[in-house]
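J.: A structural model of the following input is requested.
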Amino acid sequence: MGDNASRLHEGLVWHRGFGLLVDKLDAPNFWLGVARLLGDHVAFDTWVALLFSPHRPPTIFAESDEEDGSDEQLFQDYQRGLYLLDPFYIEACARARSGLLRLDDVAPECFTSTEYYQRYFRRNIVADEIQFNVALDHEQVLCLSLGSSQRFDSEAMGTLLLIQPWLLPLMRQRMHFEALAEQVSGPHPWHPQGVQSPPPAVNSLTDREREVSQLMLGGCSTKEIARRLNISVETVRAHKKHLYTKLGINSQSELFALFWQARQDAQPQA
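T.: Here you go, the predicted model:
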């Protein structure tokens, strides 16, 4: 009887909280309300609501706020170009789909050894990340990301799966109230459709070599790159050899340095 009463009370608390959230659907603090409601049921450390689209940097609607301001530079670096190496972004661009995804579902085999993981992910997320995704069309994906310094356990994942059918439709409705910026940041210089002029060495890469380099930096193994691009392992190795020769480098650390320098050079001067 005690367990049944406890579950009843938990259900009543959830319904009350969700009802209040629906009432905030058009309010500026909607995403903060979502984060607080989820925080009553699952432990996490950071959160961000953002929109993924293949040909533009992510649009960030709202995010958790660190008191020391340490998150501000991380988000700036993310929008400046690190998003291109985010396994959730790569997955959304490859296959726009709705649902609850966790890092294990999208991270490449060598993700934890990448410069992106060491310089950004480990500092900002630390251990684990999940995303509630809503595919708005065949390209745009609305995401609510939760980051944790501890791995989400089976109980937490079960709770999030129970919340998913309630939250995803509400997120879709929220898009009617989001004022999307008309001015879109320019495409990044390593994108085949980019219009800015990257450094000469980077500019010498073919579109396929740029694809291979981005997947390498994102943590994909040679076999994984071959599968994603539907080419042979030998072809991937040839692309790697050619791009390393063109850029005059010998390691992925040097490749990341060139990638990041290209992003810095592409920023408008004050």
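J.: break this protein into its domains for me.
T.: 17-177, 200-265 (automatic domain parsing).
J.: which one of those domains has the lowest average pLDDT?
T.: The minimum mean pLDDT among those belongs to domain 200-265 (a mean of 85).
J.: now find how far off-centre that domain is within its chain.
T.: On the basis of Cα atoms, centre = their mean, to the nearest Å, domain 200-265 sits 21 Å off its chain's mean C-alpha point.
J.: surely L146 is within a strand?
T.: Yes. Under DSSP: H, G, I helix; E, B strand; the rest coil, L146 sits within a strand.
J.: what's around it, how many residues?
T.: L146: 25 surrounding residues under other Cβ atoms under 10 Å. Where you see a C-beta, it was placed from the backbone N, CA and C, and this is true even at glycine.
J.: would you map the strands across the stretch 51-200 of the chain?
T.: Taking DSSP state E, counting those that start in this stretch, the strands of the stretch 51-200 of the chain run over residues 59-63, 99-102, 128-135, 141-148.
J.: will you turn the ones you listed into a markdown table that also has distance to K241?
T.: Below are the strands of the stretch 51-200 of the chain laid out as a markdown table (distance: least, Cβ to Cβ, whole Å):
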| stretch | distance to K241 |
| --- | --- |
| strand 59-63 | 37 |
| strand 99-102 | 34 |
| strand 128-135 | 33 |
| strand 141-148 | 34 |
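J.: out of those strands, flag the one nearest G158.
T.: strand 99-102 (10.8 Å; Cβ to Cβ).
J.: how far does the closest one sit from the chain's center?
T.: On Cα atoms, centre = their mean, the centre of strand 99-102 falls 12 Å from the chain's centre.
J.: run me through the strand neighbours of that strand, direction for each.
T.: Strand 99-102 has the following sheet partners, assigned by DSSP bridges: strand 128-135 (antiparallel).
J.: between the strand it pairs with and strand 141-148, how many degrees?
T.: Computed with axes from the mean of the first three to the mean of the last three Cα atoms, to 10 degrees, the direction of strand 128-135 lies at 160 degrees from that of strand 141-148.
J.: list the contacts of strand 128-135.
T.: 88, 92, 96-103, 121, 141-148, 150-152, 157, 160, 164, 167-168, 171-172, 175 (Cβ atoms under 8 Å, 6 or more residues apart in numbering).
J.: run through the helices of this protein in chain order.
T.: All helices of the chain, identified by DSSP state H, fall at 2-23, 30-39, 70-80, 87-94, 103-106, 115-116, 122-124, 154-174, 200-203, 207-217, 222-229, 233-247, 252-265.
J.: now those as CSV including mean neighbour count and distance to N133?
T.: Formatted as CSV, the helices of the chain follow (neighbours: other Cβ atoms under 10 Å; distance: least, Cβ to Cβ, whole Å):
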stretch, mean neighbour count, distance to N133
helix 2-23, 11, 19
helix 30-39, 19, 14
helix 70-80, 15, 17
helix 87-94, 20, 7
helix 103-106, 16, 10
helix 115-116, 20, 20
helix 122-124, 15, 19
helix 154-174, 15, 8
helix 200-203, 14, 31
helix 207-217, 20, 21
helix 222-229, 17, 19
helix 233-247, 16, 28
helix 252-265, 17, 25
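J.: make TSV from those and add distance to P54 to it.
T.: Formatted as TSV, these follow (distance: least, Cβ to Cβ, whole Å):
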stretch	distance to P54
helix 2-23	30
helix 30-39	23
helix 70-80	15
helix 87-94	4
helix 103-106	16
helix 115-116	18
helix 122-124	23
helix 154-174	20
helix 200-203	20
helix 207-217	13
helix 222-229	15
helix 233-247	21
helix 252-265	17
